[in-house]
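Peer 1: here is my input, please return the structure:
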Amino acid sequence: MDPRILIFDSPLEAAQACGAATFKLLEESRRANGRAVFAVSGGSTPRVMFEWMAKQNFDWGGVHLFWVDERCVPPDDSQSNYRMTRESLLDHAPIPAAQIHRIKGELPPEEGLRVYLAEIISVLGENPVFDLIQRGMGPDMHTASLFPGEPLIDDRQHIAGAVWVEKFKQHRVTLLRNVLESARSTFNLATGSDKADPLKEVLQGSVDPMKKPAQIASPNTFWYIDRAASAKL
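Peer 2: Model (predicted):
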């Protein structure tokens, strides 16, 4: 088995291990660069990780938090990735407000994108390199808000984009491939039996990110998965 594929007995153990590795990497980045820049994803599995992280004694000074993607909904909407992160982590961890850089989903998609791009550039410059991007994978092999067949998957120039997700009839703002591939490290957290077949296809099938966006990877990419998700590997 590839040493970058880490298998745990339960979703909770996978989430906790990913959270612990996240703390270690953020601390290393802060020690080397004076700060750490981290992008997170939404979903039920990251919630478990964030809830665990919120209970740990970690110094959040100098850690800048961004989002991989966001639905174009208000920040208090039940579908908001920001709301999930706030409820599970931000309300409990002492992260300075100036270091929290959310995507303003309440704005029209192109306006929300423009504001988010300015936020990213203000911290990371015109060619942003995140210290760590935490991602997931849907049963359809999508990652971020890049779904199979999305033309923006081929965009290697721009930092982020506004997308219409036909499957959910919803506008979203998402980081794009150039930034996802440029990250110093990527931690993919994927759990559950519904991920078994797609995970096999992503990790062991032919390489085709247009059909399998979860194959988009940075050079230092690790998978944190549970036994159910690993069943077909």
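Peer 1: what count of nearby residues applies to the nearest residue to Ser41 once chain neighbours are set aside?
Peer 2: Residue nearest to Ser41 in three dimensions, not counting chain neighbours: Val68, with 4.6 Å by CB to CB, 6 or more residues apart in numbering. To be clear about C-beta, it is placed using only N, CA and C from the backbone, and glycine gets the same treatment. For Val68, the tally of surrounding residues (other CB atoms under 10 Å) stands at 26.
Peer 1: Lys24 should be in a strand, yeah?
Peer 2: No. Read with DSSP: H, G, I helix; E, B strand; the rest coil, Lys24 is helix and lies in no strand.
Peer 1: quick check, pLDDT for it.
Peer 2: Note on Lys24: pLDDT of 98.
Peer 1: okay, it and Trp223: tell me how far apart.
Peer 2: According to CB to CB, to the nearest Å, Lys24 and Trp223 sit 17 Å apart.
Peer 1: looking at these two, which one has more neighbours?
Peer 2: Legend: neighbour count by other CB under 10 Å for Lys24 and Trp223, higher for Trp223 (26 against 10).
Peer 1: thought the more buried one was touching Asn188?
Peer 2: Yes. If you go by CB atoms under 8 Å, Trp223 and Asn188 touch, sitting 4.8 Å apart.
Peer 1: who's in contact with Phe58?
Peer 2: Applying CB atoms under 8 Å, 6 or more residues apart in numbering to Phe58 gives the contacts 23, 93.
Peer 1: which stretch of helix or strand covers it?
Peer 2: Taking DSSP states H and E as the definition, Phe58 sits outside all helices and strands.
Peer 1: low-confidence stretches in this protein?
Peer 2: 1 (pLDDT under 70).
Peer 1: now do the strands in it.
Peer 2: Ranges of strands in the chain, per DSSP state E, are 5-8, 36-40, 63-67, 69-71, 132-135, 160-165, 170-175, 186-190, 221-226.
Peer 1: turn these into CSV, including distance to Ala98.
Peer 2: Output for these, formatted as CSV (distance: least, CB to CB, whole Å):
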stretch, distance to Ala98
strand 5-8, 33
strand 36-40, 13
strand 63-67, 9
strand 69-71, 19
strand 132-135, 19
strand 160-165, 21
strand 170-175, 21
strand 186-190, 25
strand 221-226, 29
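Peer 1: how many residues are close by Pro94?
Peer 2: Per other CB under 10 Å, the neighbour tally for Pro94 reads 9.
Peer 1: quick check: closest non-adjacent residue to it.
Peer 2: Closest to Pro94 by CB to CB, 6+ apart is Trp60, at 5.8 Å.
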